[in-house]
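**Q** A predicted structure for the sequence below; I have some questions about it.
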Amino acid sequence: MKVSFDKSTLRYSLPNKLLCIDDNRLIPPFEEEENEMGVCSECEGPLFSFTYHNFQDYTAVVCRCGDCSLLRIILFDPAWEWVGEYPVSIIDDALQNSVNLTEKKSMSDIGNIAAVKLETVFSPREIEAMIQKSKGEKYVRQYLYNARKKYSLFNELFGYSLEI
Ligand SMILES: [Zn+2]
């Protein structure tokens, strides 16, 4: 069996415990449990599971190294055979909190939202369309339409209700 996803798009939101795969799929955990999952590939410290997520027919386990605190994702197939281990970047919640305090919650100008947040949810073309629309420029309707379907996800993840 093969699993296909863009490994460079793996992100994890610590406060929400949401796993983000392929830019726009946000997957909440179905289980939170701490189990020893092996050794860290960086420092050989113990890897502990943190949250478990369903991804297609697979189970993605977010793990944290007990020594170096590195986050990894280990993917298992439906028979719980090891498929692969992948690095995952963290959506910066400290940044999110400080920005949320000073910015309006309702946004019609997305220029003030950190790119990493937008990129977590929206594709580059969708972001481009949102920027163009907010500036009153020409935009591709289909991309904005696709982006609007994710506004509630974006609000759930980052607390901004977009009005574009
Ligand atoms: Zn480690």
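**A** Here it is on my side, so go on. Numbering: from 1, shown residues only.
**Q** tell me the secondary structure for the most centrally placed residue in the chain?
**A** When the chain is reduced to its mean C-alpha position, the nearest residue by C-alpha atoms, centre = their mean turns out to be Cys20, at 2.9 Å. For Cys20, the secondary-structure state derived from DSSP: H, G, I helix; E, B strand; the rest coil is strand.
**Q** what sits against the residue lying closest to Asp77 once chain neighbours are set aside?
**A** Take Asp77 and drop its neighbours on the chain: the residue closest to it by C-beta to C-beta, 6 or more residues apart in numbering is Val83, 5.4 Å away. No exception for glycine: its C-beta is placed from N, CA and C like everyone else's. Shown in contact with Val83 (C-beta atoms under 8 Å, 6 or more residues apart in numbering): Val3, Tyr58, Leu75, Phe76, Asp77.
**Q** Val83 looks like it's in a strand, true?
**A** Yes - secondary structure of Val83, determined by three-state DSSP: located in a strand.
**Q** How about Glu32, nearest residue that isn't a chain neighbour?
**A** Closest to Glu32 by C-beta to C-beta, 6+ apart is Thr51, at 5.2 Å.
**Q** what packs against the one helix or strand the one you found maps to?
**A** When elements are assigned from DSSP states H and E, Thr51 belongs to strand 46-55. On a contact count with 3 or more C-beta pairs under 8 Å, 6 or more residues apart in numbering; DSSP states H and E, strand 46-55 meets strand 18-21, strand 25-27, strand 36-39, strand 58-65, strand 71-76.
**Q** how about 7 Å then?
**A** In this structure, strand 46-55 makes packing contacts with strand 25-27, strand 36-39, strand 58-65, judged by 3 or more C-beta pairs under 7 Å, 6 or more residues apart in numbering; DSSP states H and E.
**Q** Buried residues in it, which are they?
**A** Along strand 46-55, these residues count as buried under the neighbour rule (16 or more other C-beta atoms under 10 Å): Leu47, Phe48, Ser49, Phe50, Thr51, Tyr52, His53, Phe55.
**Q** same question, stretch 71-87
**A** Across stretch 71-87, burial judged by 16+ other C-beta under 10 Å covers Leu71, Arg72, Ile73, Ile74, Leu75, Phe76, Val83, Glu85.
**Q** State the pLDDT value of the second one.
**A** Spelled out, that is Arg72. According to the per-residue confidence, Arg72 scores 91 in pLDDT.
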